[in-house]
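Asks: 3D, please:
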Amino acid sequence: MIIRPDYINTIIPFMDAPVVKILAGVRRCGKSTILAMLAEEFGKRGVDSNCIIERRYSDVDFQDGFSYKDMFDDIKKQIKGNDRYYLLLDELQEVDGWEKSVNTLLEKYNVDIYVTGSNSKLMSSEISTYLTGRYVLIPIYTLSLREYIDFKGRSEKDLRAVFDEYVQYGGFPVIGISNFDTDSAYQIVEGIYASVITNDISKRHKIRSKELFDRVVRYIIENVGKTFSANTIVKFLKNENRSLSVETIYNYLKWLKDAFIIYPCKRYDIQGKELLKTQEKYYLSDISLKYCQMGFDTKMLSAVFENIVYLEMKRRGYEVYIGKNYDKEIDFVGVKRDERIYVQVCVQLPTESSRETENLMVIKDHYRKYVVCRDPLAMGNINGIQIVHIADFLLDNSW
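Replies: Okay, here's the model as predicted:
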């Protein structure tokens, strides 16, 4: 098992706190492995293995009518006396009403609870009823570039070459830990994608026209990093002689977000310091989801690089927005408490008069400003704007 220490370090401050730790992310992003890492961490801290209760609710043993009451009774049987128990509950969204059991366990027993899930049933409205103020959400993402290097056993001396490989393969751990060729890797990702689209969305929400839904999803994947709205998609479908309501498109977008296939990136007015309600962008939970549907093409690198940078900023705890500054657009504004960074993403090395640098120059504050690109000569400073190779940016711990 390859350790992902950033997640353990994120979880440690909440250990033994009276809140449920919810680890949520797209299928196969490594949540189960993180639970196994937690079990090891508890062992290192002297916790008796008998006091660590692990359950994986996607297993056959817990299907066919396994209820929240069954779940409660099963765990209650394992708890003896007043010892402290650590519950590691994987894919908990498979148990309807799990919130009731978890809340009762938290209230009545000496337990520390960690759960994982791959869709919004884990964050349903019932949680706010049963677990108000008693849970913390820890987002789990696919591999960062640094993690990919670790999984591959590579060296940072080969950083640029490893980055190009990362761009082609994406960050699903099953790909990172294996030696698939690109076709086989995309086939594996296609299986993950199909599982989410079919099981987590189409079946769960009883979508009538799977073909129309697939077309909408493909449109979103094709337009990663571009601003569009539900109305834009309706007009596009109309041009193909297809018909869907705006409300249906909104539902599709919500369900894709709930299943962690896409992440929304809202627009932020830098001058007015307010969120704008229109024309947001969407990014994928992993760039390989684009390739498994469309193949890999260097023409998509600009959008792919944006997607990679967006995810890295999210991993580091930033709220990420598209910046609007009068009539100019900043690819990303990252906000974390009283910190802020501005990031422009491009493929080629920018010049002083390029869009990337000009759009940043008009922002008159003291926060850090970056242009990241893949040009091998990307380093230096233009009027206070740092020009950085994207691979170096992804590994830079100073931001």
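Asks: tell me the pLDDT of the residue nearest to Val246 when sequence neighbours are not counted.
Replies: Spatial nearest neighbour of Val246, excluding adjacent residues (CB to CB, 6 or more residues apart in numbering): Ala230 at 4.7 Å. For the C-beta atoms, the positions are set from N, CA and C on the backbone; glycine is no exception. If you check Ala230, the pLDDT there is 93.
Asks: for Ala230, what are its contacts?
Replies: Listed by CB atoms under 8 Å, 6 or more residues apart in numbering, the contact set of Ala230 reads Val246, Ile249, Tyr250, Leu253.
Asks: buried only: go through those for me.
Replies: Neighbour-count burial within those applies to Ile249, Leu253; the criterion is 16 or more other CB atoms under 10 Å.
Asks: next up, the contacts around the residue most central in space within the chain.
Replies: Central residue of the chain (CA atoms, centre = their mean): Tyr141, 4.1 Å from the mean position. Each residue near Tyr141 by CB under 8 Å, 6+ apart is listed here: Gly25, Cys29, Gly171, Ser285, Leu311, Lys314, Arg315.
Asks: just the ones of the contacts of Ala230 in helices?
Replies: Counting by DSSP state H, those place Val246, Ile249, Tyr250, Leu253 in helices.
Asks: neighbours of Gly176, how many?
Replies: 21 (other CB atoms under 10 Å).
Asks: could you give the bridge partners of Tyr114?
Replies: On the basis of DSSP bridges, Tyr114 is bridged to Lys21, Leu88.
Asks: so it makes contact with Leu89?
Replies: Yes: contact criterion CB atoms under 8 Å: Tyr114 and Leu89 qualify, at 7.0 Å.
Asks: how far away is the residue with the largest distance to the centre of the chain from Lys257?
Replies: Ranked by distance from the centre of the chain (CA atoms, centre = their mean), the top residue is Gly81, with 39.2 Å. Here the criterion is CB to CB, to the nearest Å. By it, Gly81 lies 43 Å from Lys257.
Asks: what does His366 give?
Replies: From His366 over to Lys257 the distance is 34 Å, taken as CB to CB.
Asks: same question, Gly317
Replies: With CB to CB as the criterion, Gly317 and Lys257 are 19 Å apart.
Asks: looking at the two, which is more packed in?
Replies: Lys257 (15 against 12).
Asks: let me see the contact set for Val174.
Replies: By CB under 8 Å, 6+ apart, the residues touching Val174 are Arg28, Ile188.
Asks: in a helix, that's where it is, yeah?
Replies: Yes: the assignment for Val174 (DSSP: H, G, I helix; E, B strand; the rest coil) places it in a helix.
Asks: quick one: the strands in the stretch 1-150 of the chain?
Replies: 20-24, 52-56, 85-90, 111-117, 135-139 (DSSP state E, counting those that start in this stretch).
Asks: tell me how this structure divides into domains.
Replies: Structural domains annotated on the chain: 5-139, 297-399, as defined by automatic domain parsing.
Asks: pLDDT value on Asp96, please?
Replies: Note for Asp96: predicted pLDDT of 87.
Asks: typo on my end, it should be Arg27
Replies: Arg27 is assigned a pLDDT of 93 by the prediction.
Asks: nearest residue to it other than its sequence neighbours?
Replies: With CB to CB, 6+ apart, the residue lying closest to Arg27 is Ser118, at 4.7 Å.
Asks: give me the neighbour count for the one you found.
Replies: Neighbour count for Ser118, taken as other CB under 10 Å: 26.
Asks: OK, contacts around it?
Replies: Counting by CB under 8 Å, 6+ apart, Ser118 makes contact with Ala24, Gly25, Val26, Arg27, Lys31, Glu91, Gln93, Val196, Asp200, Ala259, Phe260.
Asks: now those in TSV, with neighbour count?
Replies: Output for these, formatted as TSV (neighbours: other CB atoms under 10 Å):
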residue	neighbour count
Ala24	20
Gly25	19
Val26	26
Arg27	22
Lys31	22
Glu91	21
Gln93	21
Val196	22
Asp200	23
Ala259	21
Phe260	25
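Asks: where does the stretch 251-399 of the chain have low pLDDT?
Replies: Residues of the stretch 251-399 of the chain meeting the criterion pLDDT under 70: 272.
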